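# Okay, here's the prediction I keep looking at, along with the sequence it came from:
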Amino acid sequence: MQTGNPHDDAHWKRWMLSIWLLMCCALVAFRWANIDFLILADTDDNLRLAQVESWLGGQGWYDLRQYRLNPPVGIDVHWSRLVDLPIAAIILIVKPFFGALAAEKAAVAIAPMLPFGVAMTGVCLTARRLVDKRAWAFAAALLICAPSTMNMFMPTRIDHHGWQLAFLALTLAGLVDDRRVRGGLTVGLASAASLSIGLEMLPYLALTGGFCALRWILDQREAPLIRSYGIALAAGTALGFLIFASEANRAPRCDALSPVWLSVMVLAGGVIVLLSYLRAAQPWVRLAAASLGGAVIVAAFVLAWPQCLGRPEGISDELYQMWFVNIREVKPLYEQTLKTAMSTAALPVMGLIGSVWMLRRDRDHVLLWGPFALLNLASVCLLMWQTRAGAGAQLLAVPGATALAWHFVPRFARSSRFVVRVFGVILSFLVISGLIVNFVFTFAPLQQTSAKLAAVTSADARCPTLSALRPIAKLPPGVVFTFVDLGPRLIAVTPHKAITGPYHRNGDAILDVYRVFRGSPEVARPIIRAHHSDYVLICLNSPEATNHRKAARNGLYARLEKGLAPDWLTPVPLPADSPYRMWRVAKD
């Protein structure tokens, strides 16, 4: 082999690192305007930045309340400090040399690249171990072509989802590691790290743990795998709880790593370790023992934490109907636009097809491909529940899609006909990656026109920009009563305080915002006064504004939009082209 060849097994890590660095440069260039103007379009990214700022400003490590929302008590944020660490480190390194603003820009640009690198390493290792040692390049390419997944690694996406995807990729790599102890430790520690951040990947993590147990049931020689997995899961989760669980999460909450899930994971890890020492030659004995252990875990959870058998968010029916069901990413895939649904589901479907095809084709590795087929099936089913499962579903699809690409793309490349070589390779990869969907919709004039019209009428993209918020930031600091989705952005880039953000633990504050903008001025005034608000702020034609207008044609928002402000609100002058309208609240 020639030195430096990308197929050379000794150099694949160097080539993968090169691809990652090139992609980092390309992504930063692509999102440079957002970085330069510190545009964080997602509410979670804004709150993450505000959370890091508060911590660096002296707020306690275990105190994750955001006191600039719903002051003076603040709002309860169920997140973890684990994700704050790289962001804070970048800010602390850059700030002494270039100032605070440049440091924050560097942090939002660089921080998402770190989990992207971990995720690429995970999927490339999985492809090498599961498909072929030379198939890693296809895995890297398919990851880059996964739109929902890559959206979580884009510069300015500093929230926790990127790291959860990265740890999920490591879990897959550990699941197919031929070194049993190393594989078990990888799956267990990656699962524990993911749980320390949040519970979004819990269904997939539970399945991977079950697959480890299944391998032991079918082959007793897998005992080192489940023993190391059980130890890593229990110890890693306990350590994650001790280091990263906030003061609020020390209570038995169902939506984060709290005593609830800590007890479940420690018990599960302990049961798995005990099972690994069982010496039974017959698989049915091991199956019975594993079933008994699983029953013990489930029974303990049901008896100890019955409050967690319902919705983990623990929100009221009123909040669920008024706010939660209107969140776009929470809606099932079949309620999204055709383009969104097809572009989200294309790669997961191809991954499922690839895993099932390999399951039938590669009989010697049924125990390896079987779990991936089930993970792909579960991820596609979860899309029918909530669209936000798309990022995880696309990442899980990479190994199966890689198998398809590895077997079919080279066939076209070896063709003696030039046309078949060129168009066959391109078209086959477009189909396997799901990118064919984007091409179809790009060249569909009616779809494109309707999408543009929807974008124009449904939201004003100028609202989160620094230029739009700069006049507001110059006003005397105060409490601003504004939309739920505007609160995190407002506190991230202005000195003001706001009422709340879209975080389910703060249902009362969210309901107050909805009651104000959908209620009459008589209903709204005492609520606004109760929050000691100095200003009222609206963004015209934003998605939340549209929802308020539709829900209450004569509510306060609809009246303010028409210029019919009550006499206890005094207009605050803003530039003529501002997407905002603002009023000062009269003090009694």
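That came through, no problem.

# Distance of Trp261 relative to Ala192?
Per Cβ to Cβ, to the nearest Å, Trp261 is found 11 Å from Ala192. C-beta: built from backbone N, CA, C; applies to glycine.

# One more: Gly230?
11 Å.

# What confidence value was assigned to the residue lying closest to Ile327 once chain neighbours are set aside?
Spatially, and ignoring its direct neighbours in sequence, Ile327 is nearest to Pro502 (7.1 Å; Cβ to Cβ, 6 or more residues apart in numbering). pLDDT for Pro502: 95.

# Offset the numbering so it begins at 28, please.
Right, with 28 as the first residue, what we last looked at is Pro529.

# Pro529 contacts Val540, doesn't it?
No. Using Cβ atoms under 8 Å, Pro529 is not in contact with Val540; the gap is 10.1 Å.

# Overlap of the contact sets of the two?
Counting by Cβ atoms under 8 Å, 6 or more residues apart in numbering, the contacts common to Pro529 and Val540 are Val511.

# neighbour-wise, which of those two wins?
A count of neighbours by other Cβ atoms under 10 Å puts Val540 above the other of Pro529 and Val540, at 25 against 18.

# ok, now which ones touch that one?
By Cβ under 8 Å, 6+ apart, the contact list for Val540 reads 508-511, 526-527.

# can you pull out the strands in the stretch 178-327 of the chain?
In the stretch 178-327 of the chain, no strands are found when defined by DSSP state E, counting those that start in this stretch.

# Near Phe125, how many other residues are there?
For Phe125, the number of neighbouring residues by other Cβ under 10 Å comes to 12.

# burial measure for the spatially closest residue to it that is not a sequence neighbour, as a count.
Leaving out its chain neighbours, the residue that sits closest to Phe125 by Cβ to Cβ, 6+ apart is Ala133, at 7.6 Å. Under the neighbour criterion other Cβ under 10 Å, Ala133 is assigned a count of 17.

# where does Ala133 land on pLDDT?
On the pLDDT scale, Ala133 is placed at 98.

# What helix or strand is it located in?
Assigned by DSSP states H and E, Ala133 belongs to helix 127-137.

# tell me which residues in that helix are buried?
Residues of helix 127-137 classed as buried by neighbour count (16 or more other Cβ atoms under 10 Å): 130-137.

# Quick one: the strands in the protein, in order.
Taking DSSP state E as the criterion, the chain contains strands spanning 506-508, 524-525, 562-566, 596-598, 607-612.

# For the ones you listed, state which one has the densest average packing.
Compared across these, strand 524-525 shows the largest average neighbour count, a mean of 27 (mean count of other Cβ atoms under 10 Å).

# Count residues in the vicinity of Ala162, would you?
Neighbours of Ala162 (other Cβ under 10 Å): 21.

# what sits against it?
With contact taken as Cβ under 8 Å, 6+ apart, Ala162 is in contact with 154-155, 429-430, 432-433.

# Helices - which of these land there?
Mapping the contacts of Ala162 onto helices (DSSP state H) picks out 154-155, 429-430, 432-433.

# Pull the most distant pair out of these.
Maximum pairwise distance in the ones in helices among the contacts of Ala162, criterion Cβ to Cβ, is 14.1 Å, between Arg155 and Ala432.

# out of those two, which sits in the busier spot?
Of the pair Arg155 and Ala432, Ala432 is the one with more neighbours under other Cβ under 10 Å, namely 27 against 19.

# Could you double-check that that one lies in contact with Ala164?
No. Assessed by Cβ under 8 Å, Ala432 is found out of contact with Ala164, at 9.5 Å.

# anything in contact with each of those two?
Common contact partners of Ala432 and Ala164 (Cβ under 8 Å, 6+ apart): none.

# For the closest residue to Ala275 other than its chain neighbours, grab the count of nearby residues.
Distances taken as Cβ to Cβ, 6+ apart put Asp103 closest to Ala275, at 5.1 Å, once the chain neighbours are dropped. Residue crowding around Asp103 was assessed by other Cβ under 10 Å; the count is 20.

# Now Asp103. Its backbone dihedrals?
phi -90, psi 120 (degrees, to the nearest 10).

# any idea how far it is from Gln93?
Distance from Asp103 to Gln93, by Cβ to Cβ: 8 Å.

# Check Ile171 too.
Ile171 is 34 Å from Gln93, by Cβ to Cβ.

# who's more crowded, those two?
Gln93 (27 against 18).

# Could you report the pLDDT at that one?
Predicted confidence (pLDDT) for Gln93: 95.

# right, and it touches Ala77 too?
Yes. Judged on Cβ under 8 Å, Gln93 makes contact with Ala77 at a distance of 6.4 Å.

# Find residues that contact each of the two.
By Cβ under 8 Å, 6+ apart, Gln93 and Ala77 have these common neighbours: Ile518.

# if we can go back for a sec, now for the contacts of Val540: which two are most distant?
Applying Cβ to Cβ across these, the maximum distance is between Phe508 and Val511, 11.0 Å.

# Please enumerate the shared neighbours of the two.
Common neighbours of Phe508 and Val511 (Cβ under 8 Å, 6+ apart) are 526, 540.

# Tell me which residues touch the closest residue to Val214 other than its chain neighbours, please.
Counting by Cβ to Cβ, 6+ apart, Val214 lies nearest to Gly201, which is 4.0 Å off, once chain neighbours are set aside. With contact taken as Cβ under 8 Å, 6+ apart, Gly201 is in contact with 209-214, 217.

# same deal with Ala525?
Shown in contact with Ala525 (Cβ under 8 Å, 6+ apart): 95-96, 506-509, 513-515, 517-518.

# hmm, try it at 10 Å
93, 95-98, 102, 506-511, 513-518, 536, 540, 558, 560, 562, 564 (Cβ atoms under 10 Å, 6 or more residues apart in numbering).

# just Gln421 next, same as before
If a contact means Cβ under 10 Å, 6+ apart, then Gln421 has 169-170, 172-179, 192, 370-375, 377-378, 406, 410, 428, 460-461 as its contacts.

# at 8 Å instead, please
Going by Cβ under 8 Å, 6+ apart, Gln421 touches 173-176, 371, 374-375, 378.

# Find me the pLDDT at the nearest residue to Ala265 once chain neighbours are set aside, would you?
Computed as Cβ to Cβ, 6+ apart, the closest residue to Ala265 that is not its neighbour in sequence is Val293, at 6.0 Å. Model confidence at Val293, expressed as pLDDT, equals 98.
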